[in-house]
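Student: mind folding the following:
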Amino acid sequence: MVDPPDGLAGSARWFCVRTGEVLVVPRAGAGGALVPEAEDAVTLGLATEEPLFLGMLDGVACWAVDVPADGEPPPGARFEALRALYPQVDERDWVLAGRAVQLVEWRRTHRFCGRCGTDTAPVAGERARRCPACGLLAFPRLSPAIIVLVEREGEILLANGRGFGVPMYSTLAGFVEPGETLEEAVAREVREEVGVRVEGIRYFGSQPWPFPNSLMIGFTARWAGGEIDIDEREIADAAWFRPTDLPMIPPPMSIARRLIDSFVARVSQYGDL
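Tutor: Here you go, the predicted model:
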């Protein structure tokens, strides 16, 4: 749903975004945080631009608004980065917060036509902006990326990326190239990053990943041959791990963790299939 329902009135939830951070207020008595509710963003004491409709959640309208970089939170509230926000809010709120950050950034970076420089305008009924001069349409940017759990006789292949900053190991991932199928991307990324071949590529699930605008498409695959030979430009280390000796792995918010947890649960229940 791009446009709000007719006759919409009453309190709404406001996902106020300031340079990638989202405004929250403390959750009374229970710890954690809540996205503020108010009649409008002005009530919150923030200078904002025209709101973007995100959808309805439990019958309450949800809006995203862009707050200037120097905007201060109202008393008792604070701005939180998306990653830090995950353990503090309901998961549905976190998904909407990610959507809000992406849409606010999209509008901020597409104010002007990329072809002729004219001011763009929103398109009614669509999540798009159009140039009134040359007609160029701009849609929110989505960058499809595959992420894959490679299995071999009760072990999984995990890697420590050079950009992680901590000794964490995760599943392999990479962006899909133009003209490439998702399955081809899986096979190529695994071969390029760790030097092994895979087969039996199967879809697992997907997750929007607003860092900054990825759509993670998860797969499982079986090892088909080859020894680990890492691409040292991207990978610091890679190894095979059994469910009983896993290293530090990604947090529960990520599809990488869901892939790993699914493997561990299956092996615990059925053994190596």
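Student: contacts for stretch 23-39, please.
Tutor: Residues outside stretch 23-39 that contact it (C-beta atoms under 8 Å, 6 or more residues apart in numbering): 10-17, 22, 44, 46, 60, 62, 67, 73, 76-80, 85, 87-89, 93, 96-97. Quick note: C-beta positions are derived from backbone N, CA and C, even for glycine.
Student: ok, Pro26 - how many residues close by?
Tutor: 14 (other C-beta atoms under 10 Å).
Student: again with Trp240
Tutor: Close neighbours of Trp240, defined as other C-beta under 10 Å, add up to 16.
Student: can you tell me the element the nearest residue to Arg257 once chain neighbours are set aside falls in?
Tutor: Closest residue to Arg257 apart from its sequence neighbours, by C-beta to C-beta, 6 or more residues apart in numbering: Pro250 at 4.6 Å. Under the assignment given by DSSP states H and E, Pro250 is not contained in any helix or strand.
Student: how many residues are close by Glu184?
Tutor: Here the count is done by other C-beta under 10 Å, and Glu184 has 14 residues near it.
Student: wait, is it part of a helix?
Tutor: Yes - under DSSP: H, G, I helix; E, B strand; the rest coil, Glu184 falls within a helix.
Student: hmm, back to that, among the contacts of stretch 23-39, which are in strands?
Tutor: Among the contacts of stretch 23-39, the residues falling in strands (DSSP state E) are Ala12, Arg13, Trp14, Phe15, Cys16, Val17, Val22, Val60, Cys62, Arg78, Phe79, Glu80.
Student: which of the residues you listed count as buried?
Tutor: Using 16 or more other C-beta atoms under 10 Å as the burial test, the ones in strands among the contacts of stretch 23-39 include Ala12, Arg13, Trp14, Phe15, Cys16, Val17, Val22, Cys62, Phe79, Glu80 as buried.
Student: the residue nearest to Arg257: how many residues sit nearby?
Tutor: When neighbours are counted by other C-beta under 10 Å, Pro250 registers 18.
Student: check Arg197 too.
Tutor: Arg197 is flanked by 14 other residues according to other C-beta under 10 Å.
Student: so where do the strands sit in the stretch 101-250 of the chain?
Tutor: Remark: strands assigned in the stretch 101-250 of the chain by DSSP state E, counting those that start in this stretch are 121-122, 129-130, 137-138, 143-152, 155-161, 172-175, 197-209, 214-225, 235-241.
Student: a markdown table for those strands, including mean pLDDT?
Tutor: Shown next, in a markdown table, are those (pLDDT from 0 to 100):
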| stretch | mean pLDDT |
| --- | --- |
| strand 121-122 | 95 |
| strand 129-130 | 98 |
| strand 137-138 | 98 |
| strand 143-152 | 98 |
| strand 155-161 | 98 |
| strand 172-175 | 98 |
| strand 197-209 | 98 |
| strand 214-225 | 98 |
| strand 235-241 | 98 |
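Student: need these in CSV with distance to His110, can you?
Tutor: CSV is the format used below for these (distance: least, C-beta to C-beta, whole Å):
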stretch, distance to His110
strand 121-122, 10
strand 129-130, 5
strand 137-138, 5
strand 143-152, 15
strand 155-161, 30
strand 172-175, 21
strand 197-209, 19
strand 214-225, 18
strand 235-241, 34
